[in-house]
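**Student:** model the following, please.
(one chain, ligands or ions: 1)
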Amino acid sequence: MSSGNVAIISDIHSNLEALEEVLKEVEKLNPDKVVCLGDIVGYGANPNECCELVRKYCDVVLLGNHDAAVAGIIKDDYFVEHARVAVEWTKKTLKDEYIEWIKTLPLTYELDGFFFSHGAPYSPDSFIYLVSSDAVLWSLKFLSASGFKASFSGHAHITYSFGVKNGESGILYGEFEEINFDDFEVVAINVGSVGQPRDRNPKSAFGFIEDGKIYRVFRVEYDISKAAQKILDAGLPSILSSRLFLGR
Ligand SMILES: [Fe+2]
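**Tutor:** Residues are numbered from 1 along each chain as shown. From the prediction side, this is the model:
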């Protein structure tokens, strides 16, 4: 059974300009399903508009750590200062109906051998970044032991992914633009971020599973100046504005 065509978006972080451009590209691909891996809010200036669009366009929406902090599900005391300021600003700005909606979001989703979560797949409620060698190793072990062929994570805001190739020893690390699942025993994919990329490429990132067989990375230009100015106008920390131009 094929999972069909699945678009995967993540880490929108209240960046409406980025989300609108990404959704235009997603629509062109005519997916069977759109999955959002969480962090809809936090950092940017349009949390209500982003919740409205994600709720309308996505078939599956998972909980991110910023969403959880804004809804009071987790504490924000481990967040760095500018992230905590953004969480507190978002709490005051977000409509009650979206806070209540966030409280209903699940941590994981499974579809035909694919596993979806905000952080690393082996401990979804811990929101672990899929970047360290330990996190990569545990993720690949989890996928093998549970019979999944691939996982899709957000949270890290980078498009680097990790896999074990059939017939080869060792783990492949890389910024794959295209992954054929048949080439891998298991692969743990970071889909990147729509609203605040950190892989030194300021274009929005999203992923696409084609016919259950191929994964492709897409990068999309958007009006960074407009999103960045709104962050300043809202009185949010200026680093949240300037970093959008740098993609880091
Ligand atoms: Fe995030």
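
**Student:** pLDDT weak spots in the chain?
**Tutor:** 1-2 (pLDDT under 70).

**Student:** so what's F79 closest to, chain neighbours aside?
**Tutor:** If the residues on either side of it in the chain are set aside, F79 comes closest to V87, at 6.3 Å by Cβ to Cβ, 6 or more residues apart in numbering. Bear in mind the C-beta positions are built from the backbone N, C-alpha and C, glycine included.

**Student:** all helices for this protein, in order.
**Tutor:** For the chain, applying DSSP state H gives helices covering 16-29, 47-57, 65-70, 81-93, 96-103, 133-146, 224-233, 239-246.

**Student:** which one of those helices lies nearest to the ion?
**Tutor:** When those are compared by Cβ to the ion, helix 65-70 sits nearest the ion, at 5.8 Å.

**Student:** please state the offset of stretch 56-64 from the chain centre?
**Tutor:** Chain-centre distance of stretch 56-64: 11 Å, with Cα atoms, centre = their mean, to the nearest Å.

**Student:** how about the residues of this protein that lie near the ion?
**Tutor:** D11, D39 (Cβ under 5 Å from the ion).

**Student:** if we go to 8 Å?
**Tutor:** For the chain, the contact set with the ion under Cβ under 8 Å from the ion comprises 10-11, 13, 38-39, 42-43, 64-66, 118, 154-155, 157, 193, 196.

**Student:** name the residue most distant from the centre of this protein?
**Tutor:** The centre of the chain is farthest from one residue, G167, which by Cα atoms, centre = their mean lies 30.3 Å away.

**Student:** still on that earlier bit, thought the residue nearest to F79 was touching D39?
**Tutor:** No - if you go by Cβ atoms under 8 Å, V87 and D39 don't touch, sitting 11.2 Å apart.
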